[in-house]
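1. quick one: sequence plus predicted model below, questions after.
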Amino acid sequence: MSLLAFLGLVRGFDLAALPAPAGAQNGASATERQALRALTSDVSKGGVTIEGERLFTVGKDLPWNAIAKRIDNLARERGAKPVALPGADPGKKLAQAWRAGDGRGVMVAMVRTPGGGAVAYFGVRFTGD
């Protein structure tokens, strides 16, 4: 699979190609989905357009760092660069993004829940530059 296909940067890519977090269950509630989208908007300060999503629920035993590091390693191996998000607040706002040269990329976000967390992989297009 090409880098562009892996990261969802070509037409028709399925975000399912990204590996799910360890032990994750597919899906999230409507409230969790809304919270993940709000977090994405907040940390990007409106600088991304979501083009696709894949949602999961994870247990308390899976830390954010493990989720973000796994995607970071895969993205960097394939030439995507990390993006400094203008509204980032490490440790409080759990979101990271990677961008390819064409302005598209992937953003990973997590909101905490009583059972652990809800995680989203968003295929995004970066705007404004």
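-> Received it, and whenever you're ready, just let me know what you need. Residues are numbered from 1 along each chain as shown.
2. how far away is V43 from P90?
-> For V43, the distance to P90 under the criterion C-beta to C-beta, to the nearest Å works out to 10 Å. (Each C-beta comes from the backbone N, C-alpha and C, glycine too.)
3. first-to-last residue distance for stretch 20-39?
-> 20 Å (C-alpha to C-alpha, to the nearest Å).
4. which residues of the chain fall in strands?
-> Shown for the chain, the strands assigned by DSSP state E span residues 25-26, 48-59, 81-83, 94-99, 104-113, 116-126.
5. closest one to I71 among those?
-> For the strands of the chain, distance to I71 was read as C-beta to C-beta. The smallest value, 5.1 Å, belongs to strand 104-113.
6. for that closest one, which helices and strands make contact with it?
-> Contacting strand 104-113 under the criterion 3 or more C-beta pairs under 8 Å, 6 or more residues apart in numbering; DSSP states H and E are the following elements: helix 30-44, strand 48-59, helix 64-77, strand 94-99, strand 116-126.
7. can I get these in a markdown table with distance to L15, mean neighbour count and mean pLDDT?
-> What follows is the helices and strands packed on strand 104-113, written out as a markdown table (distance: least, C-beta to C-beta, whole Å; neighbours: other C-beta atoms under 10 Å; pLDDT from 0 to 100):
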| stretch | distance to L15 | mean neighbour count | mean pLDDT |
| --- | --- | --- | --- |
| helix 30-44 | 13 | 17 | 97 |
| strand 48-59 | 4 | 18 | 95 |
| helix 64-77 | 11 | 16 | 90 |
| strand 94-99 | 13 | 23 | 94 |
| strand 116-126 | 5 | 22 | 95 |
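8. in JSON lines: the strands of the chain, plus distance to L74.
-> Putting the strands of the chain into JSON lines (distance: least, C-beta to C-beta, whole Å) gives the following:
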{"stretch": "strand 25-26", "distance to L74": "19"}
{"stretch": "strand 48-59", "distance to L74": "14"}
{"stretch": "strand 81-83", "distance to L74": "12"}
{"stretch": "strand 94-99", "distance to L74": "9"}
{"stretch": "strand 104-113", "distance to L74": "9"}
{"stretch": "strand 116-126", "distance to L74": "11"}
